[in-house]
Structures are given as C-alpha cells and as structure tokens.
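Chemist: How does the following fold in three dimensions:
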Amino acid sequence: MQDVTPTLAENGTPQPEGDEIVSETLYIQNLNEKVKIDVLKASLRGLFKSYGEVLDVVAHSNLRMRGQAFVSFASPEIAQKAMKEVRGFPLYSKPMQITFARTRSDAVLNCAGRTRYSNPLKQKFKAKRMAAEIDGAAAAPAARRPNVQMPDEYLPPNKILFLQNLPESVTKDQLMALFSQYPNLHEVRLIPTKKDIAFVEYMDEGSAGIAKDALHNYKLDGENKIKITFARK
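Modeler: Down below sits the predicted model:
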C-alpha cells in the first residue's frame, strides 16, 4: 500500500483535500531533513526572492513538520510563477514537491491589514496555535513583526553565498573552478530556470566570507560584475 503523507497547514494540522486553489503561500515537501532549519530557510528565501518579495519562510524541526516548509509571497501571481519554475528543483539533492497552501499565512494576512484571530470567539484557538508552534523555533512571534528587509550588502555572515548577475552561459564547472581557489568549498548549486543566479556553499562562515570579499564584482565574462552576498537566514 502506498504511504500517503497528508498536506499540513503551518501549524501542523492536516489541510483538506480538494481542487488546487492559487494562493500567496507555497507548501513545499520532500526537503532534505538533514539540513539545519536556519540554513534551509536561508536557502529557500534566497532561491525564491528572485521571483518577488518573500514575506515569510516557515519551517520547523519537529517530527510532524520535518522535511516541509511554507514560503509566502506578496501576491498569488508571484507564487504561481515561482512554483511553475522551481517545482522539482533538487535542493540539497532532493527534488522539491510544491503545491499551493490551503490557508493564508500570518505574514500574508498582516500585509493585507487583517488578522486570523480578529473574531473574539477564536481567542482560545489562537492560544492553542501559539502553544503548538513553540517548539524551539519561536517562529510565530517573528512572523507577526513588520516585514523589514535588510539590504543584501548588510546581511549577517552565512556559509552559503548567493550569486547574482551571472552570465547565462555560466556552467557549474566554471563556478567550481573559480570558488575552489578558496578553501573549504562544499557545493555549487545552479538554478536551471534562473541561469543568472546560483548558490555557493562552504564548510564554514569564515571561508565563505573570504571568497565573498575576494570575488564580489568579479567579471566572469569580462563584462558583467558578479554580485555576491551572504544568503538570507
């Protein structure tokens, strides 16, 4: 018998089955469970930000939500385009399974000036949901804060680098040769549907910082400067 994993909402409760409804939030499954949550969230944010503003990335380490995440955008159109182009992309060697979430995320509701718990009769449910999400990540309170985007140039150190403005003809071997000049290179990941961006991961933040400082604005094709920043956490 085939093992069917139910679709979950952000709080870990099963989502109802039915026709797919386009929404601002994508539900992602089959993520690599060995990757740390903060690294996973940074990679997802860096991957999807090229399609438009990412309002929130929700992922938890508890057993029920392991290997899954939610990514919320400013509009359903952005989410739809991102899903179409990224679905099946092998993030950390596992192809992502992407569908639309069946409930609107807190970040989307806050952006629209609404709240999921404006009805006083739902206050008890709010308390239960808040308690369920306190699993060590404390994601719910952070998600309800105003979305203030820090400029890429001032992001905190990360062992994952985000490359932009790459020539479309660039290959993985070229990037491997370029970044392997610096010690502790771990992996180079290209995005098949977005040839002008890539991720480069080192074994530690210090090694990534050295490579970033040395190669930022490097002209790989002799013309266009590569923009290199730390991936968002």
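
Chemist: make it CA atoms for all contacts and neighbour counts henceforth
Modeler: Fine.

Chemist: Strands along the protein, start to end?
Modeler: Ranges of strands within the chain are 25-29, 54-58, 69-73, 90-91, 94-95, 97-100, 160-164, 185-191, 194-202, 227-230, based on DSSP state E.

Chemist: could I get those as CSV with distance to residue 208?
Modeler: Shown next, in CSV, are the strands of the chain (distance: least, Cα to Cα, whole Å):
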stretch, distance to residue 208
strand 25-29, 27
strand 54-58, 23
strand 69-73, 26
strand 90-91, 19
strand 94-95, 23
strand 97-100, 29
strand 160-164, 7
strand 185-191, 8
strand 194-202, 6
strand 227-230, 8
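
Chemist: By mean pLDDT, show me the worst of these.
Modeler: Note on the strands of the chain: lowest mean pLDDT is at strand 90-91, with a mean of 86.

Chemist: contacts for that one?
Modeler: For strand 90-91, the surrounding residues in contact (Cα atoms under 8 Å, 6 or more residues apart in numbering) are 31-32, 96.

Chemist: For the strands of the chain, give me JSON lines that also has mean neighbour count and distance to residue 212.
Modeler: Shown next, in JSON lines, are the strands of the chain (neighbours: other Cα atoms under 10 Å; distance: least, Cα to Cα, whole Å):
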{"stretch": "strand 25-29", "mean neighbour count": "24", "distance to residue 212": "30"}
{"stretch": "strand 54-58", "mean neighbour count": "23", "distance to residue 212": "24"}
{"stretch": "strand 69-73", "mean neighbour count": "25", "distance to residue 212": "27"}
{"stretch": "strand 90-91", "mean neighbour count": "18", "distance to residue 212": "22"}
{"stretch": "strand 94-95", "mean neighbour count": "15", "distance to residue 212": "26"}
{"stretch": "strand 97-100", "mean neighbour count": "20", "distance to residue 212": "31"}
{"stretch": "strand 160-164", "mean neighbour count": "23", "distance to residue 212": "7"}
{"stretch": "strand 185-191", "mean neighbour count": "18", "distance to residue 212": "12"}
{"stretch": "strand 194-202", "mean neighbour count": "21", "distance to residue 212": "10"}
{"stretch": "strand 227-230", "mean neighbour count": "24", "distance to residue 212": "6"}
